[in-house]
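[1] output the structure for:
(one chain, ligands or ions: 2)
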Amino acid sequence: MLPDELTDPEHDIPAGRHVIQAEEDLLTARHAVRAAAVAAGFSIVDQTKIVTAASELVRNAYIHGGGGTVTITALRDDRGRVGLRLRVRDEGPGIADVEQAMTDGFSTGAGLGHGLGGTRRLVDDFHLDTAPGRGTTVTITRWKP
Ligand SMILES: Nc1ncnc2c1ncn2[C@@H]1O[C@H](COP(=O)(O)OP(=O)(O)OP(=O)(O)O)[C@@H](O)[C@H]1O
Ligand SMILES: [Mg+2]
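    Ligands and ions are numbered 1, 2, ... in the order given. Below is the predicted model:
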């Protein structure tokens, strides 16, 4: 964790920002996301969905984006609904054709090309912000049922 990180005071969720720079950081990021999902009270099935989604995004940031950060934020809306938001950001080459990148089976690397499409299906909200040369930021949110 970076020094500027905080534990979410309201929910005691290990929120904060984690650097993805080396392969072992992928594991650390997964653990942090799982801990946040557990602390937020997600079911085991939902924890797994959130961790799987996070895992795909941090892997993309590492492999395609040359490394980046993941920021974990606990949410509570005005009706008391609890959620978790993850923002995975890199300053790599960006994605020129987002529609193509989102298509299952499309990969510019050695992967199966199911990471982004699969991630979108695992969460309630998926937002991809990217442009060639500007890096990539993917923000996902999942709410507790
Ligand atoms: N952070 C990123 N920066 C640059 N390009 C990306 C990034 N994330 C995804 N892409 C591009 O989108 C394509 C599709 O991504 P996706 O995660 O769906 O598949 P993959 O990473 O190639 O394979 P898989 O995730 O199945 O192992 C990638 O091959 C890559 O070209
Ligand atoms: Mg991928």
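[2] hey, C-alpha coordinates of the helix or strand that contains residue 26 in PDB?
    When secondary structure is defined using DSSP states H and E, the element that contains residue 26 is helix 23-39. Listed in PDB are the C-alpha atoms of helix 23-39, where the atom choice follows Å, rounded to 0.1, in the frame of the first residue of the first chain:
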ATOM      1  CA  GLU A  23       4.100 -10.100 -10.900                       C
ATOM      2  CA  GLU A  24       3.700 -10.600  -7.200                       C
ATOM      3  CA  ASP A  25       1.700  -7.400  -7.000                       C
ATOM      4  CA  LEU A  26      -1.100  -9.200  -8.900                       C
ATOM      5  CA  LEU A  27      -1.400 -11.500  -5.900                       C
ATOM      6  CA  THR A  28      -1.300  -8.600  -3.400                       C
ATOM      7  CA  ALA A  29      -4.000  -6.800  -5.400                       C
ATOM      8  CA  ARG A  30      -6.200  -9.900  -5.400                       C
ATOM      9  CA  HIS A  31      -5.800 -10.300  -1.700                       C
ATOM     10  CA  ALA A  32      -6.600  -6.600  -1.000                       C
ATOM     11  CA  VAL A  33      -9.700  -6.800  -3.200                       C
ATOM     12  CA  ARG A  34     -10.900 -10.000  -1.500                       C
ATOM     13  CA  ALA A  35     -10.300  -8.500   2.000                       C
ATOM     14  CA  ALA A  36     -12.400  -5.500   0.900                       C
ATOM     15  CA  ALA A  37     -15.200  -7.700  -0.400                       C
ATOM     16  CA  VAL A  38     -15.200  -9.800   2.800                       C
ATOM     17  CA  ALA A  39     -15.200  -6.600   4.900                       C
END
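[3] now the next helix-or-strand element following it: average pLDDT?
    Scanning the chain past helix 23-39 towards its C-terminal end, the next helix or strand to appear is helix 44-63 (assignment: DSSP H and E). Helix 44-63 shows an average pLDDT of 98 in the prediction.
[4] same question for stretch 84-95.
    For stretch 84-95, the per-residue pLDDT values average out at 97.
[5] mind listing the strands in the protein by residue range?
    For the chain, the strands identified by DSSP state E occupy 16-20, 68-76, 82-90, 125-131, 135-143, in order along the chain.
[6] give me the angle between the shortest one and strand 82-90.
    Meaning strand 16-20. Calculated by axes from the mean of the first three to the mean of the last three CA atoms, to 10 degrees, strand 16-20 forms an angle of 30 degrees with strand 82-90.
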